[in-house]
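S.K.: Output the structure for:
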Amino acid sequence: MLKPIALAAIATAAALSSGFAAEHKTSFEAAQEKLRILIDSNERPTKQKARDQYRRLFETLTFCGVEPDMTVVEVWPGGQGAWYRRIIEPFVANGGGAYHPVSGRSAFPDAVEGVPYGEADMVFVFRAHGFMIYDEPAQTHVNAVFNMLKPDGVLCIVDHAGDENIPQDPEGKNGYVNESHFRNLAETAGFVFLAASDHNRNPKDTKDHPRGVWSLPPSLSRSLPGTPERKKYLTIGESDRFAHKYFKPAE
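M.R.: Sure, this is the predicted structure:
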């Protein structure tokens, strides 16, 4: 099986040779410096900083290619102080861009008030995967994300990577999402696969835990402190995750 980085190179080359305008770009150096300042800020909660070792915030956002003047949408970011939102919102607000959260209580995938459909430069989906695996209209949700973006706009997604040797459970009982499952949804919506990164990979994650992804940190569901079982999950760390970028081709 080809590794994600190899797949990314093939996909990028294919997209370019097919005449598509988009190409994989990481954040420019000036943007990286601004991200570093926000990530290293003492105003960030200690509990959030402790998870940087697993979520690799800087690597994720620079891989996505976010810039401070972009119009950005984040699907289901959580509350005002949510982990990614705490960085992305001030990053674009102070750079001339705009941040639009899609609340879990919104009408999404129906039209969401305040979201600039057809104008977003980038849409983020960070483990907001319920619509992909919990017996919801997954394709409808991904189609809605497609409609948020302007031509050549980018979708960047990070999610718990399922075992590709096992078909995707449509009910998502273990919380994992097969990369091939999401890629099929994205391409059906009209997206073109642009790049992948393995910076959030965790080879220790066997993906066969009794409580699925929730057996692992930070949930550590149903394992008691001080027990060998809890120690095992702490040693594994947070889940193995894929990071994909797609773009919306110009008509």
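S.K.: Show the subsequent helix or strand relative to the helix or strand of the chain with the lowest mean pLDDT.
M.R.: The weakest-scoring helix or strand in the chain, judged by mean pLDDT, DSSP states H and E, is helix 4-17 (a mean of 42). Downstream of helix 4-17, the next assigned helix or strand under DSSP states H and E is helix 29-40.
S.K.: what sits up against that following helix?
M.R.: 27, 44, 52, 57-58, 61-62, 66-68, 87, 90-91, 94-95 (CB atoms under 8 Å, 6 or more residues apart in numbering). Using the backbone N, CA and C atoms, a C-beta is placed for each residue, glycine as well.
S.K.: Stretch 105-119 too?
M.R.: 71, 73, 75, 98, 100, 102, 131, 137, 140-141, 143-144, 147-150.
S.K.: quick one on the thing from earlier: which among the contacts of helix 29-40 count as buried?
M.R.: 27, 44, 57-58, 61-62, 66-68, 87, 90-91, 95 (16 or more other CB atoms under 10 Å).
S.K.: So which of those residues are in helices?
M.R.: 57-58, 61-62, 87, 90-91 (DSSP state H).
S.K.: Just give me the closest of these to residue 228.
M.R.: residue 57 (31.1 Å; CB to CB).
S.K.: Quick one: residues contacting residue 98.
M.R.: Contacts of residue 98 by CB under 8 Å, 6+ apart are 71-72, 92, 116.
S.K.: Report pLDDT for it.
M.R.: Model confidence at residue 98, given as pLDDT, is 98.
S.K.: now residue 127
M.R.: pLDDT, read off for residue 127, is 88.
S.K.: before we move on, what about the one 4 residues further on?
M.R.: According to the prediction, residue 131 has pLDDT 76.
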